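Asker: sequence and predicted structure are below.
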Amino acid sequence: MLKNYPIGLLTMCVFSISITAQTINDKLPEELQLTAKDTMIARSNMVGLGLNIIMDTGKRLNNFPGKSEEWHMVPYPSRVSFGRNFRSGLSLEGIATVNKFMEGKLVEQVVLTEDRSFFSVDSRLSYNINRLFGRTGWFDPYVGAGLGYTSIEGDGQGTYNGVVGIRTWLSERWGIDVNTSGKWSMGDGITNYMQHAAGVVYQFNIEKELNKEGKDKLRLIEEYLREQKRLQDSITAAQLAEEEARRLAERLEREKEAAELAAAEKAKEEAERKLKDTIRKKLEDAGFAYFGFDSSYLTSGAKEVLDLVADFLTEYPKVNIKITAHADSRGTEEYNQWLSDRRAERTLKYLFDKGISAERINAEGKGETELRNDCEDGVPCPETKHSENRRSQFIVLEF
């Protein structure tokens, strides 16, 4: 672990875009400043899309990678992969490919008289050879092995797989992957074959850490900062005695001012809280505007409630409210939504007619989604309980 605060901040400059950490990095001698070249990708997820080519002539590998007339491929993306790269240099991938053995081409030294469908899924554990040298670069060769399953015209068999490949990184996230796999059948269901692949890969969820050069530079930085801190401490020690009394007086004055400000702020917040509670309580005391069954027209009781709401908004001209209109559960959800929208509109219009500005109110129909009791669809309830759900209610939005 780093032993002092400046060193801790410096480490942050490698892993974040902290302004403070970047400022410290900028103050270092140029040869000690950490750069992107001092980091490497330690972990990432990776997806790929590309083409695959099958070669199954029955000949030995001395013809690698084979002639184009021996290749079987389709003219569209035929390979997808998803994997995870680990700090150790290992990568674990899952791969799916589709293809077609073409009529007229050689398979196991026999010329096909018709097309044959091909499908395979494979798991692969590979190792990035560059990790042997403590870094990754734009050119990343790898080797690996795995298990898979191949189906040709519905006849399937497990396979043992070996792979060699190269990833060429065009940027931190985008690259090109070219590889060749040898696949050996676990039984007699299919024959051994080779599969070439090429495609685009994309890295995401990238996690970085210092590479070997970066760690060496960090050790030099730690030594430099320790020396700088020692020099600064000696200067500071000489100044502490004459500054101590002044700092103490300033601290006490700041504490006093802070306490006074905190008390004033607390009193202000308490007064505001009580005022808001009073305003909310007054609106709640107005109650709900209830509607008749299957009706959006305002009853006399509803109008009395809305008169109280209008008086409330006149008394508190800076308060904005929200109206939510509701229906009981009888009827379809679509109809009840429409009915609650109508109730919201009539509630709004009444308040507008009372001279309340449209900018201070918004309204929303909730249908039967916010019942006040357990009278849901299929639950028998008396009319008195259903009537509790046919309402417009009012909520303070802004003070």
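Answerer: Perfect, I can see it now.
Asker: Gly367 reaches Ala327, doesn't it?
Answerer: Yes. Using C-beta atoms under 8 Å, Gly367 is in contact with Ala327, at 5.9 Å. Placement of C-beta: from N, CA and C, glycine included.
Asker: who's more crowded, those two?
Answerer: Shown here are Gly367 and Ala327; by other C-beta atoms under 10 Å, Ala327 has more neighbours (31 against 20).
Asker: from Ser234, how far out is that one?
Answerer: Using C-beta to C-beta, to the nearest Å, one gets 79 Å for the distance from Ala327 to Ser234.
Asker: can you map out the strands along the stretch 1-150 of the chain?
Answerer: Ranges of strands in the stretch 1-150 of the chain, per DSSP state E, counting those that start in this stretch, are 39-55, 79-85, 90-101, 106-107, 110-111, 116-128, 139-152.
Asker: tell me, how many residues neighbour Ala264?
Answerer: Neighbours of Ala264 using other C-beta under 10 Å come to 10.
Asker: and it, which of the three is it?
Answerer: Under the three-state scheme (DSSP: H, G, I helix; E, B strand; the rest coil), Ala264 adopts helix.
Asker: quick one, domains of this protein?
Answerer: Using automatic domain parsing, the domain parsing of the chain gives 35-210, 287-398.
Asker: what touches both of Gly367 and Ala327?
Answerer: Common neighbours of Gly367 and Ala327, using C-beta atoms under 8 Å, 6 or more residues apart in numbering, are Asn336, Gln337, Leu339, Ser340.
Asker: residues contacting the first one?
Answerer: Just to be clear, that refers to Asn336. So Asn336 contacts Ala327, Asp328, Ser329, Arg330, Gly367, Glu368 (C-beta under 8 Å, 6+ apart).
Asker: what count of nearby residues applies to Val163?
Answerer: For Val163, the count of nearby residues is 22 (other C-beta under 10 Å).
Asker: what does Ala358 give?
Answerer: Residue crowding around Ala358 was assessed by other C-beta under 10 Å; the count is 9.
Asker: can you tell me the closest non-neighbouring residue to it?
Answerer: Phe352 (6.2 Å; C-beta to C-beta, 6 or more residues apart in numbering).
Asker: that neighbour - that's part of a helix, no?
Answerer: Yes. Assignment of Phe352 by three-state DSSP places it within a helix.
Asker: what about Ile176, which SS state?
Answerer: Ile176 - assigned by three-state DSSP - is strand.
Asker: next: Phe293.
Answerer: With three-state DSSP as the basis, the three-state label of Phe293 is coil.
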